[in-house]
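K.L.:
Structure here, sequence nowhere to be found:
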């Protein structure tokens, strides 16, 4: 019987088309031919463990029984806050060391293992800073240097604002230059200041003024 070449060509074209564009369908077509070989190759009595799955997290069966559970809220460290208002001793113009005043006013520092002390002075004619805590000449030189940067305007040529005297506007300028806050680390119940570091109150008014500081401690308690 003569071979129908057109039918053979059509079958070959369809096979190539399916193989190129539908490989998964091609695998299904040849599955019956390869099935006996799979049974010959597969080990006898093969078992497969199916683990349950969910969309949000791995199942418990995915982990060994010795996995340590995460710490509970009862054992996890928690952050604590303490805030107090401190009234500093009154001082006239100058740079004054107030480290002892701050620490004696905040015995709560001793209860913190690690944290941060933030000091904020509630005035615009003085400032807070950290600097050398041993030689008084450093504090005197600091005051003199700031006086040169923002001198009093005795001739009335420098400033417009002078409602409270010649030291009024220079005090505001110095306050901006130095700043109203300092932050100090707390470590094992103590301020982690350097050996030669101290907390300064820089008073820029000639007359004595009462100054208030907001002290905030944030950290982990012992």
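P.N.:
Thanks, I have the structure now. No experiment lies behind these values; they were computed from the predicted model shown.
K.L.:
Following the chain onward from the helix or strand of the chain with the lowest mean pLDDT, which element is next?
P.N.:
The weakest-scoring helix or strand in the chain, judged by mean pLDDT, DSSP states H and E, is helix 23-41 (a mean of 64). Reading on from helix 23-41 to the C-terminus, the next helix or strand found by DSSP states H and E is strand 79-91.
K.L.:
Can you list the buried residues in that following strand?
P.N.:
Neighbour-count burial for strand 79-91, counted by 16 or more other Cβ atoms under 10 Å, picks out 82, 86, 88, 91. C-beta coordinates here come from the backbone N, C-alpha and C atoms, glycine included.
K.L.:
With stretch 194-203 instead?
P.N.:
Using 16+ other Cβ under 10 Å as the test for burial, stretch 194-203 gives 197, 198, 199, 200, 201, 202, 203.
K.L.:
Bridged to the last one, which residues?
P.N.:
To tie it back to what came earlier, the one meant is residue 203. The residues listed as beta-bridge partners of residue 203 by DSSP bridges are residue 94, residue 126.
K.L.:
Could you do the first one as well?
P.N.:
The residues paired with residue 197 through beta bridges, assigned by DSSP bridges, are residue 132.
K.L.:
Verify the stated contact: it with residue 138.
P.N.:
No - between residue 197 and residue 138 there is no contact under Cβ atoms under 8 Å: 11.6 Å.
K.L.:
Name the residues contacting each of the two.
P.N.:
131, 132 (Cβ atoms under 8 Å, 6 or more residues apart in numbering).
K.L.:
so residue 159, which of the three states?
P.N.:
coil (DSSP: H, G, I helix; E, B strand; the rest coil).
K.L.:
what do you get for residue 166?
P.N.:
With three-state DSSP as the criterion, residue 166 reads coil.
K.L.:
so what pLDDT did it get?
P.N.:
For residue 166, the pLDDT comes out at 95.
K.L.:
For it, grab the count of nearby residues.
P.N.:
15 (other Cβ atoms under 10 Å).
K.L.:
For the closest residue to it other than its chain neighbours, identify the helix or strand it belongs to.
P.N.:
Closest residue to residue 166 in three dimensions, ignoring its sequence neighbours and counting by Cβ to Cβ, 6 or more residues apart in numbering: residue 152, at 4.3 Å. In this assignment (DSSP H and E), residue 152 forms part of neither any helix nor any strand.
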